[in-house]
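Sequence unavailable; structure follows:
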């Protein structure tokens with residue numbers, strides 16, 4: 001079982017909210033948010049453990 005709060009803590013989500021308006025206004029890609037998601041392990045959340053993920057889909 002994946003602990004969503006550990007991967008997506010409130011502080012991380014708040015940073016996303018703070019940057020969202022800028023991304024919209026500039027019509028830009030969310031590079032900073034994507035990097036933070038990667039660093040937090042979110043992109044591996046539903047990848048099977050045997051493939052290096054966290055196994056959230058199992």
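Ah, there it is. All values reported here derive from a predicted model rather than from experimental measurement.

roughly how far apart are residue 18 and residue 36?
Distance, residue 18 to residue 36, by C-beta to C-beta, to the nearest Å: 12 Å. For the C-beta atoms, the positions are set from N, CA and C on the backbone; glycine is no exception.

Helices of this structure, start to end?
Counting by DSSP state H, one finds helices in the chain at the ranges 4-7, 10-26, 31-40.

Now tabulate the ones you listed in a markdown table and tack on mean neighbour count and distance to residue 47.
Output for these, formatted as a markdown table (neighbours: other C-beta atoms under 10 Å; distance: least, C-beta to C-beta, whole Å):
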| stretch | mean neighbour count | distance to residue 47 |
| --- | --- | --- |
| helix 4-7 | 12 | 13 |
| helix 10-26 | 11 | 20 |
| helix 31-40 | 13 | 12 |
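
Among the ones you listed, which comes closest to residue 53?
Residue 53 sits nearest to helix 4-7 of all those, at 11.8 Å, using C-beta to C-beta.

Compute the mean per-residue pLDDT across the closest one, please.
Taken as a whole, helix 4-7 has an average pLDDT of 86.

picking that back up, where among the helices of the chain is average confidence lowest?
Among the helices of the chain, helix 4-7 scores lowest, at a mean of 86.

what's next to that helix, contact-wise?
For helix 4-7, contacts defined as C-beta atoms under 8 Å, 6 or more residues apart in numbering pick out 40-42, 45.
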